[in-house]
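**Q** Let's see this in three dimensions:
(2 chains)
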Amino acid sequence: AQSVTQLGSHVSVSEGALVLLRCNYSSSVPPYLFWYVQYPNQGLQLLLKYTSAATLVKGINGFEAEFKKSETSFHLTKPSAHMSDAAEYFCAVTLGGDTGRRALTFGSGTRLQVQP
Amino acid sequence: NAGVTQTPKFQVLKTGQSMTLQCAQDMNHNSMYWYRQDPGMGLRLIYYSASEGTTDKGEVPNGYNVSRLNKREFSLRLESAAPSQTSVYFCASSEGVRHNQPQHFGDGTRLSIL
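**A** The predicted structure is shown next:
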């Protein structure tokens, strides 16, 4: 079975500081990993995705994530936080291989606060 | 750029009432999904439809039914609403069920069951 763990339900950073949101996955087959962002009262928007082409993935709004198989991690980073980055972030996984299961499994989310 | 449209945006029901949540996408996507979002639990899959004419149960299907009316529309029905079904419901769609195809989400339906 696949699962995703996001460490820290709330993260607070100062504007201009590094953003690091942690995601660890569990999967018996090669995973496909995604980060989504949710702004208040909106649906989820795709930030970036890992599909095995490259371990460092660049997304929108200056975010990037690195797939580390040895650590089963896919942490999301941004060098310099902006006030507009305040939102909830979700890591998600879907399985590779002929599993018959294609839908996403989501982590519980991390709410990012950016202090002025 | 409508994308995925959900109606209604808000609804309050009494226990035992029935309701259908509507979802339509204009991206010619083959696959559609229904999730519920509860605090601290992320999104959980209720049902999905890999293609027109097929539906499958997800993680939390009990108390729900779905209909893939056509390629554009995928509805979720609560036959007898219960307070435990108070949640925010999201519909999503993707080109297909290939692993690298991201899902596109609607803005959600906020449902309260009294």
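
**Q** burial count for the residue nearest to A:S80 when sequence neighbours are not counted?
**A** Computed as CB to CB, 6 or more residues apart in numbering or on different chains, the closest residue to A:S80 that is not its neighbour in sequence is A:G16, at 5.2 Å. (Each C-beta comes from the backbone N, C-alpha and C, glycine too.) A total of 11 residues lie near A:G16 under the criterion other CB atoms under 10 Å in any protein chain shown.

**Q** how close does A:G16 sit to A:F74?
**A** As defined by CB to CB, to the nearest Å, A:G16 lies at a distance of 25 Å from A:F74.

**Q** related to what we said a few turns ago, just confirm the residue nearest to A:S80 is within a helix.
**A** No: according to DSSP: H, G, I helix; E, B strand; the rest coil, the state of A:G16 is coil, so it is not within a helix.

**Q** For chain B, which residues are neighbours of chain A?
**A** Counting by CB under 8 Å from any CB of the partner chain, chain B comes close to chain A at B:4, B:31, B:33, B:35, B:40-45, B:48, B:50, B:58, B:90, B:92, B:97-100, B:102-108.

**Q** Need the buried ones from the residues you listed selected in PyMOL.
**A** The following PyMOL line selects those of the residues of chain B next to chain A that are buried, judged by 16 or more other CB atoms under 10 Å in any protein chain shown:
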select buried, chain B and resi 4+31+33+35+42+43+44+45+48+50+58+90+92+97+99+102+103+104+105+106+107+108
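
**Q** Just the residues contacting the helix or strand containing B:C23, thanks.
**A** Assessed by DSSP states H and E, B:C23 sits inside strand B:19-25. With contact meaning CB atoms under 8 Å, 6 or more residues apart in numbering or on different chains, strand B:19-25 is reached by B:3-8, B:11, B:13, B:32, B:34, B:72-78, B:81, B:89, B:91, B:93, B:104, B:106, B:109, B:111.
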